[in-house]
Structure formats: C-alpha cells, structure tokens
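**Q** missing the sequence, but the structure's below:
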Ligand SMILES: [Zn+2]
Ligand SMILES: [Zn+2]
C-alpha cells in the first residue's frame, strides 16, 4: 500500500509535541494533531499501524513510542517548524496566524541543509517563539547554543557604538522605503549606531542620518 507521507509527518510531529507534555496515548496524539493541522483530516488511528509497519513507531498497548527512524524524522520536522517560526517572528515579522500557516508549510519543503543555514543566520536559537526547544542540528555546535546573541537584530536593538551590515528592510510604507534608499539605507551597507537619545542617529561612512525609532525597528542588521 502506498502511504501519503504528509499525514505521517503530521502524526510524527504530534507524537513529539505530546511527548514534550509527557503524553503518549493515541487520544493525546489525536488531540495535538487536530490542534496543529489546519483544515486537513489526519486519521491518527488508521495511520499509526501503517507507521508501525514502516518501523517509525511502536504501538505499546495504548501508548505510542517513536522508533529511532521515526525519532529522527520527527526531530527534523520539529526543527524546521520551529526555526521557521523564529525566522518569521524575528526577521520577517509575520503575524501569528501567518506564521503558523507558513511554518507548517516550510517544515515539509525545506531540506535540512537549507534549514542549517537559516539556523546559523538566526544564531542557532535554542527556543521557538513559544518557548519550546528547537532540536539542535549539525550546524549547532554544543557550545554555540548557550544563548548566543542572534545574528540578525533590528537596528533599534543594536547597542550604541556597535556596527552592523544591513540585511534587509521591511518598511510599513513604501514612501519610507524610497527615502531610506535615497539616504543609502539599503541592504549590504554598513551602519553604526551613533546616538540613541534623544533621537536615533546612525552613521554610514562619513554621513550621519537621523532615523525615526519606528523605522529603526524595520531595518535588520547583521551585527559585526
Ligand atoms: Zn513554536
Ligand atoms: Zn544551528
């Protein structure tokens, strides 16, 4: 029988999430799955025996355990999902609803290599925006994960006197974007936080530019 991989991935993800809450029954997993999966029907009870045949899970009475192959696959899905969440909240400022939908989508399409570069880009974050642990990837050296500063921060959060390279800008208004471009506030350029109060002033080369604080929150820099 051919098995559609998508419900399997959803269930693996649900098993992982349930386990974080010390739950492992089929009912628990069904509940998590229902919560997580938008619109699509996932028949947990029907799919679990197939997953056991594939050596992904072990059905032990009413409890469901991940087998090593299932563990590995679930970890990858959770990692992609939570890293995508971090990417959307920290960097792209996607709304909560948009974030969940897009993170669900991302977890199925991105390969682990791409995810490792996203992870590095974000500074190997240990937690998702909901405070749940992000499984470490090969890119995350054990010692690197102790709350290293995120690699990309908004300009407003960059410390006084610190310098960074502009990675991207998410302006709320296009008019602002034109003005920023005219001032040289564009991706690839370096900026230094020259003054934070009373007004926010950055230095770019020899030029000093006063920037509205709200705009400084829309400019993302890689601290260097
Ligand atoms: Zn999360
Ligand atoms: Zn990493």
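**A** That came through fine. Just so you know, these numbers come straight off a predicted model, no measurement behind them. Ligands and ions are numbered 1, 2, ... in the order given.

**Q** For the top helix by length along the chain, which helices and strands make contact with it?
**A** Within the chain, and with DSSP state H defining each element, the longest helix by residue count is helix 68-86. Under the contact definition 3 or more C-beta pairs under 8 Å, 6 or more residues apart in numbering; DSSP states H and E, helix 68-86 sits against helix 5-20, helix 96-109, helix 112-121. (Glycine included, C-beta is placed from N, CA and C.)

**Q** how about it, does it get close to ligand 2?
**A** No. With C-beta under 5 Å from the ion as the measure, helix 68-86 is seen stopping short of ligand 2, the closest distance being 8.3 Å.

**Q** by how many degrees do that helix and helix 5-20 diverge?
**A** In this structure, helix 68-86 runs at an angle of 90 degrees to helix 5-20, with axes from the mean of the first three to the mean of the last three C-alpha atoms, to 10 degrees as the basis.

**Q** hmm, back to that, least confident of the helices and strands packed on helix 68-86, on average?
**A** Lowest mean pLDDT within these: helix 96-109, a mean of 64.

**Q** what residues are up against residue 195?
**A** By C-beta atoms under 8 Å, 6 or more residues apart in numbering, the contact set of residue 195 is 160, 201.

**Q** and it, what pLDDT?
**A** 95.

**Q** Tell me the secondary structure at residue 198.
**A** Applying DSSP: H, G, I helix; E, B strand; the rest coil to residue 198 yields a three-state assignment of coil.

**Q** Distance check, it against residue 210.
**A** Taken as C-beta to C-beta, to the nearest Å, the spacing of residue 198 relative to residue 210 amounts to 10 Å.

**Q** Looking at the two, which is more packed in?
**A** Neighbours were counted for residue 198 and for residue 210 using other C-beta atoms under 10 Å; residue 210 has more, 11 against 6.

**Q** Surely the more buried one is in a strand?
**A** Yes. When three-state DSSP is applied, residue 210 is found to be in a strand.

**Q** Just list whatever residues bridge to it.
**A** Each beta-bridge partner of residue 210 is listed here: residue 201, as defined by DSSP bridges.

**Q** Phi and psi next, for residue 31.
**A** Taking degrees, to the nearest 10, you get phi -60, psi -50 for the backbone angles of residue 31.

**Q** Just list the residues touching it, thanks.
**A** Remark: with contacts taken as C-beta under 8 Å, 6+ apart, residue 31 is in contact with residue 18.

**Q** and the gap between it and residue 21?
**A** Using C-beta to C-beta, one gets 10 Å for the distance from residue 31 to residue 21.

**Q** Ok, residue 222 next?
**A** Note on residue 222: its distance to residue 21, by C-beta to C-beta, is 36 Å.

**Q** So if I had to pick from these two, which one is more boxed in?
**A** For residue 222 against residue 21, the residue with the higher neighbour count under other C-beta under 10 Å is residue 222, and the figures read 15 against 9.
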